[in-house]
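Chemist: Here is my input, please return the structure:
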Amino acid sequence: MSTKAVNLKMKRTISEKMMMRKQRKKGSSDEDQMNAKNMRFLVTVNVLGSAGPLRFLVNENDLVGGVIDASLKRYAHEGRLPALGLASRNFLLYSANAGADALNPTDTIGSSGGRGFIMCKKVAQPSMTEARSEMISRKGVNGKWKAWLNKSLTLKILSH
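Modeler: Numbering: from 1, shown residues only. Take a look at the predicted model:
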């Protein structure tokens, strides 16, 4: 056999193999249905206080809490400032196009209908006992100061 005949035979086997692969792919409708169910898309997450957005791929069925967690990990991996930590329960994710309501962490990210999101830290509100103790401590300081001022003013007025 000549080298041309061997090369031609190799090319035929390679092309035949490629054809068989294509036929296998066409025949596997179960895989196509799986891929249709698990669609991936690119999301953009803007973190308040950060210089630029985070972009990464997520599955349509991923939970919002998982996207928050992935965003925090990516943020930390890139070494961005300010440092946010990794506690995803301390953050809220908002859709950039929707209203002012935060997304529920147990919902799927695909249900929001958008690809752009804004992530911010939850605002810690003091409990009633902390607020009351703070008011009492301020009142005590202000009350002493006011009493001293009134006392010194009445002494000056009486002495003249």
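Chemist: sec struct for Asp69, please.
Modeler: At Asp69, secondary structure determined by DSSP: H, G, I helix; E, B strand; the rest coil is helix.
Chemist: which residues in this protein form helices?
Modeler: With helices called from DSSP state H, the chain shows them at 3-27, 29-37, 64-77, 128-159.
Chemist: The third one: which residues count as buried?
Modeler: Of the residues in helix 64-77, 64-72, 75 count as buried by neighbour count, 16 or more other Cβ atoms under 10 Å. For glycine as for every other residue, the C-beta is placed from the backbone atoms N, C-alpha and C.
Chemist: which among the residues you listed gets closest to Leu57?
Modeler: Distance ranking of the buried residues of helix 64-77 against Leu57, using Cβ to Cβ, places Ala70 first at 9.7 Å.
Chemist: Name all residues that make contact with the closest residue to the closest one other than its chain neighbours.
Modeler: Using Cβ to Cβ, 6 or more residues apart in numbering and skipping the chain neighbours, the partner closest in space to Ala70 is Phe56 (6.6 Å). The contact partners of Phe56, taken as Cβ atoms under 8 Å, 6 or more residues apart in numbering, are 42-43, 45, 70-71, 74.
Chemist: now those in a markdown table, with distance to Leu86 and pLDDT?
Modeler: What follows is the contacts of Phe56, written out as a markdown table (distance: Cβ to Cβ, whole Å; pLDDT from 0 to 100):
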| residue | distance to Leu86 | pLDDT |
| --- | --- | --- |
| Leu42 | 23 | 95 |
| Val43 | 19 | 96 |
| Val45 | 15 | 96 |
| Ala70 | 11 | 95 |
| Ser71 | 10 | 95 |
| Arg74 | 11 | 94 |
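Chemist: can you put those residues in CSV and add distance to Ser88?
Modeler: As requested, the contacts of Phe56 are arranged in CSV below (distance: Cβ to Cβ, whole Å):
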residue, distance to Ser88
Leu42, 20
Val43, 15
Val45, 12
Ala70, 9
Ser71, 8
Arg74, 12
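Chemist: just those now: which is nearest Tyr94?
Modeler: Distance from Tyr94 was checked for each of those by Cβ to Cβ. The minimum falls on Val45, at 10.1 Å.
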